[in-house]
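Student: next one to model:
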Amino acid sequence: MCRTIAERCAELGVGICVNSDAHLSRLIGGFDRVTSLLEEIHFPEELIMNRNRDVLLDALAASGVR
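Tutor: Residues are numbered from 1 along each chain as shown. As a prediction, this is how the structure comes out:
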């Protein structure tokens, strides 16, 4: 399911935010699985909206979030 959504986002040029969805504190920041998936499908880095602070803030501003 996640793979299909990520592939479709890449096709359509839709930005995504990556997170660990951790439910335990020791899992916070664990991006190994999602990183592997995005590399495997050659997901464009420029569509990862939270790849750094400035890109995230720009994406939020562009969406109308203050």
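Student: next, the contact list for residue 60, please.
Tutor: With contacts defined as C-beta atoms under 8 Å, 6 or more residues apart in numbering, the neighbours of residue 60 are residue 66. Heads up, the C-betas are built off the backbone N, CA and C, glycines and all.
Student: quick check, pLDDT for it.
Tutor: The predicted local confidence for residue 60 comes out at a pLDDT of 94.
Student: which SS class is it?
Tutor: The three-state label given to residue 60 by DSSP: H, G, I helix; E, B strand; the rest coil is helix.
Student: how close does it sit to residue 39?
Tutor: Remark: distance between residue 60 and residue 39 (C-beta to C-beta, to the nearest Å) = 26 Å.
Student: need the pLDDT of the nearest residue to residue 43 once chain neighbours are set aside.
Tutor: By the measure of C-beta to C-beta, 6 or more residues apart in numbering, the closest residue to residue 43 outside its immediate chain neighbours is residue 10, 5.2 Å from it. In the prediction, the pLDDT value recorded for residue 10 is 98.
Student: what helix or strand does residue 10 sit in?
Tutor: helix 2-12 (DSSP states H and E).
Student: and after that helix, which helix or strand comes next?
Tutor: Moving toward the C-terminus from helix 2-12, the first helix or strand encountered (DSSP H and E) is helix 32-40.
Student: list of residues touching that following helix?
Tutor: Defining contact as C-beta under 8 Å, 6+ apart, one finds that helix 32-40 is touched by 2-3, 6, 18, 20, 43, 48.
Student: redo the residues you listed as TSV? Include neighbour count.
Tutor: Conversion of those to TSV gives the following (neighbours: other C-beta atoms under 10 Å):
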residue	neighbour count
2	9
3	11
6	20
18	16
20	14
43	19
48	18
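Student: distance to residue 34 added to the residues you listed, as a markdown table?
Tutor: Shown next, in a markdown table, are the contacts of helix 32-40 (distance: C-beta to C-beta, whole Å):
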| residue | distance to residue 34 |
| --- | --- |
| 2 | 8 |
| 3 | 10 |
| 6 | 9 |
| 18 | 5 |
| 20 | 8 |
| 43 | 10 |
| 48 | 10 |
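Student: much appreciated, bye for now.
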